[in-house]
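Enquirer: Turn this into a model:
(chains A and B)
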Amino acid sequence: MKPEVGKLLEIISGKLLFEIAPTVQPAYRQQSVGLTAMLLGMVREEWDRAAARRVEENAALRAIFGQAAPRIADAGLRGRLEAAAASCDASFLVSELEKSNDALRALLIELQAHVEAESAAWARGVEDEIWRELAKSTERRRFSLAPF
Amino acid sequence: MQDLAPRISAYAAHKLPHAHDVVASDVDRIHGGASRETYRFKLRFREGEREFERRLILRRDPPGSLIETDRAAEFAAYRAFHGSAVPVPEAVWLESDPKWLDHPFFVMEELSGFEASPQAIIAPPYSAHAERTAREKWTILGAIAAADPDKLGVVGLLPAPALPADAWGRELDHWTRVIDEDELAPQPIIRAAIRKLRRAPPPAPKRLHVVHGDYRTGNFLYDKEGGIRGILDWEMAHLGDPLEDLAWSVNRIWCWARDGRVGGLTTKEHAIRVWEAASGLRADPEALRWWELFSSVKAQAIWISGGREYQEGTNKDPVLAFSSIWLTNAQDRCALETLGKLS
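Expert: As a prediction, this is how the structure comes out:
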């Protein structure tokens, strides 16, 4: 698609924010236009990385599950972890990647809660690995406009 | 918008039976809190030979919002603190009958000529007075904490736990339920935070205090000399642990200047010292850390809830989508920082 989506959104967002919003009245609508412009700016940022960050994250989560699964005594959870670790992203449509990501992050919550209740040293190792990945996940999702 | 004017006029005439020529005009919607539609308007009327003009604010329940709260509690909080060391606008009318304006609403005095924006406070001319604004901000919060709910007459009007020891549980249960109901995607960081909070609850406060519930830069009016002229947005007011408000006020998400100054105003340590001096209470560091982590859970629940409202189309105000997208990840980072897990 040309002009490129990123460029398109950059231009539309800038026009809304700097040219159109200042002419809009009343103030409430003006603010709404400004917010919409900034929303488009964030959509632009997300557009470029949308597939990449999900592919990267899904792979990282599967790796954690693959390492943790042999240690998990609960057969049901172990089975789900093994199945998830063996899965792959068959489609790179963002909507499909997102479905996988949601399922994998739901399973991550289950695994994290499970290892928190384990006192063995291996559980601390898994827990540390999960926290490292969660910190990375916030970097992948970070917006340049964000206050923190 | 102007179609509201005759309906407001009719309502005001109903509330002012001795007045005549009651006319509402200049109805203008403004951004004012995320839980209700907010409008400013002028009300003119005559009583006998005397003419009156009042600038008022209308806060009306919307079909969907960031925060689902009871307007009666918000109204009670304004009424309780009016005329006290905690500056608030006068609460005028509370109306639950939707026949007047389609939804329940309340009316309060407009404090005009002041600024509320968190972006303006970090820029000239206001930024030159950050020290004064900070001192007033946390002194007023201390005054809220020091207030006696019985003497204020808010017991029974503000939501409250049965006992001080139940304060943390009531809040955590409530906001966890919001996340359970509204999340659009799994939230591993906030779920881990919730589990940690449940494993190690904070000590109970000695008594129940008034908690504003959303005390932050952006929710008060300030003047060009750095003075705070009105504390707004009491829609989440309740009785509970005063550390909840202090923790919320210093949450990293409100560091608008992106330089670590809480609320864009001062250091966290200074804010706590001012609050302790004004409230006569001590902010136990461990207990405060519990409430800081809780504040990220609560804030995340609010961003998530707004995102759902927008996604489902029950409220298409872009502020809901913007807050949800802009702040959800940043809030996760705040939680990670409080947990000591931010790399």
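
Enquirer: Going by C-alpha atoms from here, please, whenever you check contacts or count neighbours.
Expert: OK.

Enquirer: neighbours around the residue nearest to B:S324 when sequence neighbours are not counted, how many?
Expert: Among residues not flanking B:S324 along the chain, B:W303 sits closest, at 4.5 Å (C-alpha to C-alpha, 6 or more residues apart in numbering or on different chains). Neighbouring residues of B:W303 were enumerated by other C-alpha atoms under 10 Å in any protein chain shown; the total is 26.

Enquirer: and B:W303, that's in a helix?
Expert: Yes: according to DSSP: H, G, I helix; E, B strand; the rest coil, B:W303 belongs to a helix.

Enquirer: in what helix or strand does whichever residue of the stretch 201-343 of chain B sits closest to chain A lie?
Expert: At 5.3 Å from chain A, B:A330 is the closest residue in the stretch 201-343 of chain B, using C-alpha to the nearest C-alpha. Under the criterion of DSSP states H and E, B:A330 resides in helix B:318-339.

Enquirer: just B:P62 next, same as before
Expert: Counting by DSSP H and E, no helix or strand carries B:P62.

Enquirer: can you pull the contacts of it?
Expert: Counting by C-alpha atoms under 8 Å, 6 or more residues apart in numbering or on different chains, B:P62 makes contact with B:35-37, B:103, B:315.

Enquirer: go on, B:G263?
Expert: B:G263 touches B:118, B:216-217, B:249-250, B:254-256, counting by C-alpha under 8 Å, 6+ apart.

Enquirer: quick one: which of these is nearest A:A84?
Expert: B:W254 (37.9 Å; C-alpha to C-alpha).

Enquirer: For the closest residue to that closest one other than its chain neighbours, give its distance to B:V107.
Expert: Spatially, and ignoring its direct neighbours in sequence, B:W254 is nearest to B:G263 (5.0 Å; C-alpha to C-alpha, 6+ apart). Noted for B:G263: a distance of 28 Å to B:V107, by C-alpha to C-alpha, to the nearest Å.

Enquirer: same question, B:L239
Expert: B:L239 is 23 Å from B:V107, by C-alpha to C-alpha.

Enquirer: Looking at these two, which one has more neighbours?
Expert: When B:L239 and B:V107 are compared for neighbours, B:L239 comes out ahead with 26 against 21, by other C-alpha under 10 Å.

Enquirer: if we can go back for a sec, wait, what's in contact with the residue of the stretch 201-343 of chain B closest to chain A?
Expert: Applying C-alpha under 8 Å, 6+ apart, one finds that B:A330 lies in contact with A:138, A:142, A:146-148, B:253.

Enquirer: tell me the contacts of A:V43?
Expert: Contacts of A:V43 (C-alpha under 8 Å, 6+ apart): A:L9.

Enquirer: so for stretch B:171-179, what's the average pLDDT?
Expert: Mean per-residue pLDDT for stretch B:171-179: 98.

Enquirer: That one and chain A in contact?
Expert: No: using C-alpha under 8 Å from any C-alpha of the partner chain, stretch B:171-179 never reaches chain A; the gap is at least 13.8 Å.

Enquirer: Give me the pLDDT for B:T69.
Expert: 58.

Enquirer: er, B:R207 I mean
Expert: At B:R207, pLDDT is 98.

Enquirer: Repeat that for B:S343.
Expert: Reported pLDDT for B:S343: 76.

Enquirer: residues near the closest residue to it other than its chain neighbours, how many?
Expert: Nearest residue to B:S343, sequence neighbours excluded (C-alpha to C-alpha, 6+ apart): A:A135, at 6.4 Å. Residues lying near A:A135 (other C-alpha under 10 Å) number 18.

Enquirer: thought A:A135 was touching B:K341?
Expert: Yes: applying C-alpha atoms under 8 Å, one finds A:A135 in contact with B:K341, separated by 7.0 Å.

Enquirer: Can you give the contact residues for whichever strand or helix holds B:G142?
Expert: According to DSSP H and E, B:G142 maps onto helix B:130-146. For helix B:130-146, the surrounding residues in contact (C-alpha under 8 Å, 6+ apart) are B:85-86, B:121-122, B:209-212, B:215, B:222, B:226-228, B:242, B:245-246, B:265-266, B:271-272, B:274-280.

Enquirer: ditto for stretch A:86-95
Expert: Stretch A:86-95 has contacts (C-alpha under 8 Å, 6+ apart) with A:50-51, A:54-55, A:62, A:66, A:97, A:100.

Enquirer: Check the offset of it from the chain's centre.
Expert: The chain centre lies 14 Å from the centre of stretch A:86-95; the measure is C-alpha atoms, centre = their mean, to the nearest Å.
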